[in-house]
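[1] sharing a model that was predicted from the sequence below.
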Amino acid sequence: MIGVLAAMPSELKPFTRANKRADVVTGVTGIGTKRATKVATAMVTAQPLERLIMIGVAGGLKGTAIGDVIVPEVVENHATGEEFRPEPFGDNTAAGTIVTTDVLFTDLEFLAGLEARGVVALDMETAAVGAVCDAHGVPWSVFRAISDRPSDGLVDDAVFKMAKPDGTPDLAAVGRFVLPRPWKLPGLLKLGRDLNTATRAAANAAIAAIG
């Protein structure tokens, strides 16, 4: 059995649509390390897994483009400094570091420091999933695709809060943001398109690796 997790339903949907194998179990963690730890633990203890795969989107740093699929060599928990090493899966070579954080980083000077030490992307769940898998002796892999870049200035705390903790969209928050700021709508539409591009790219990479 292979397990596949994503933080948000929108990240998992392209995978479930394309997956043809019966020996795959899927789940949605919600946003953040605490939720990811809880759901990943439930998955790896519910049945024997030959591998757990984390898919979804990430914020890209210098040198990344929208839709690029990141297969990291290292995943770092920013809060603790712990490092985890996923296994490349399928015809992929691991490269770069993903930093997992529960905080939305937008300071460009701070991000430049991350880039200088080989960080290529940011997310909010993968290190937690890696910690669970390592603790339970389950091989794990990562396919995260770039959906946005902090340097583009399209994502801030207000935009981030348009998703509920479970990963579903908060339509009321969207309305509160857009109605007094109609000039922000084109940027939100671009984010939506880029999110779709990234979720499909990550799902396709996972499907190709699973076979």
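    Thanks, I have it.

[2] what comes up buried for stretch 98-117?
    Ile98, Val99, Thr100, Thr101, Leu111, Leu114 (16 or more other C-beta atoms under 10 Å). In this view, the C-beta of every residue, glycine as well, is placed from N, C-alpha and C.

[3] okay, now the sheet partners of the strand or helix carrying Val57, with direction.
    Per DSSP states H and E, Val57 falls inside strand 51-60. When pairing is defined by DSSP bridges, strand 51-60 lines up against strand 2-6 (parallel), strand 119-123 (antiparallel), strand 140-148 (parallel).

[4] now the lengthiest helix in the chain: average pLDDT?
    Identified as the longest helix of the chain according to DSSP state H is helix 185-210. Averaging pLDDT along helix 185-210 yields 89.

[5] relative to strand 51-60, how tilted is that helix?
    Here helix 185-210 runs at an angle of 150 degrees relative to strand 51-60 (axes from the mean of the first three to the mean of the last three C-alpha atoms, to 10 degrees).

[6] from the chain's centre, how far out does helix 185-210 sit?
    Centroid separation for helix 185-210 versus its chain: 11 Å, with C-alpha atoms, centre = their mean, to the nearest Å.

[7] can you check stretch 71-91 too?
    Distance of stretch 71-91 from the chain centroid (C-alpha atoms, centre = their mean) equals 12 Å.

[8] start and end of it, how far apart?
    Using C-alpha to C-alpha, to the nearest Å, one end of stretch 71-91 lies 11 Å from the other.

[9] could you give the mean pLDDT of that stretch?
    95.

[10] quick one on the thing from earlier: show me what the longest helix of the chain is packed up against.
    Counting by 3 or more C-beta pairs under 8 Å, 6 or more residues apart in numbering; DSSP states H and E, the packing neighbours recorded for helix 185-210 are helix 9-18, strand 51-60, strand 69-70, strand 140-148, helix 171-178.

[11] may I see these arranged in a markdown table, with mean neighbour count and distance to His78 as well?
    Converted to a markdown table, the helices and strands packed on helix 185-210 look like this (neighbours: other C-beta atoms under 10 Å; distance: least, C-beta to C-beta, whole Å):
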| stretch | mean neighbour count | distance to His78 |
| --- | --- | --- |
| helix 9-18 | 18 | 21 |
| strand 51-60 | 26 | 13 |
| strand 69-70 | 23 | 16 |
| strand 140-148 | 27 | 15 |
| helix 171-178 | 13 | 25 |
